[in-house]
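Asks: Need the 3D shape of this:
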Amino acid sequence: MKRIISPSMLSADFGNLERDTQMIDRSRAEWVHIDVMDGVFVPNISFGFPVMKPIRQATSKVLDVHLMIVEPEKYVERFVNDGADYVTFHIEATERAEHCIELIHNAGAKAGVSIKPATPTDAIRDILPKVELVLVMSVEPGFGGQSFMPIAVDKVKELAAMREEMGLDFTIEVDGGISSKNAALLFDAGAEALVAGSAVFKAESPEQEIINMLEAK
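Replies: Residues are numbered from 1 along each chain as shown. Predicted structure coming up:
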């Protein structure tokens, strides 16, 4: 099974954003994770459109944009236009999930749906055939540096079973408290993509930490 690491720019040095993005570009990470927070859906605010363009210019890798915002359908097209390859929204943040997916696809990107720790996997069963990515939150969304919540492992297993049962091929991604210490557990459970922020950017050698996660056993 494929293994992908998606370093989260939320943990990068904002004063050296180009430097940190270029580091990811040199590394074995295949994706770059961009967390967008509005201070409404989650109790924090992060970067938005103005930061997308310099990140896009600094890397040729997949831009994995995670929207932690209310009414994402108002903004998904603009994120695609600014360079997103994947746009993931939260099922808890919209009443128009299928419309949101349609807008993402029509704009030319792949669509993802995310669930918070308290949201059951059954909440997204009906839209699984329409998305290319499912993002399982293993912490409460909104802040970096939180401890990993083991319930995410069970959710990954449930989604992997649903994927097989329904004959689908969406990617399972996990975000929150991830490092080389628990990467193997998640990969073995059925995840293909792991988001890592603090573990990468606070490591003595970020590029080596990415390798350690990819090769975790």
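
Asks: Going along the chain, name the strands of the protein.
Replies: 4-7, 31-37, 62-68, 86-90, 110-115, 133-137, 171-175, 193-196 (DSSP state E).

Asks: Please state the offset of the helix or strand bottoming out on mean pLDDT in the chain from the chain centre?
Replies: Every helix and strand of the chain was ranked by mean pLDDT, DSSP states H and E. The lowest is helix 49-58, at a mean of 87. With C-alpha atoms, centre = their mean, to the nearest Å as the basis, helix 49-58 stands 17 Å off its chain's centre.

Asks: and what of stretch 159-170?
Replies: Distance, centroid of stretch 159-170 to centroid of chain: 19 Å (C-alpha atoms, centre = their mean).

Asks: Poorly predicted segments of the protein, please.
Replies: 143-145 (pLDDT under 70).

Asks: can you pull out the helices in it?
Replies: 17-26, 49-58, 76-81, 97-107, 151-166, 183-189, 198-201, 206-214 (DSSP state H).

Asks: In contact with the residue lying closest to residue 73 once chain neighbours are set aside: list those residues for me.
Replies: Residue nearest to residue 73 in three dimensions, not counting chain neighbours: residue 100, with 4.5 Å by C-beta to C-beta, 6 or more residues apart in numbering. From N, CA and C alone the C-beta is placed, and that goes for glycine too. Residues near residue 100 by C-beta atoms under 8 Å, 6 or more residues apart in numbering: 72-73, 76, 89, 94, 111.
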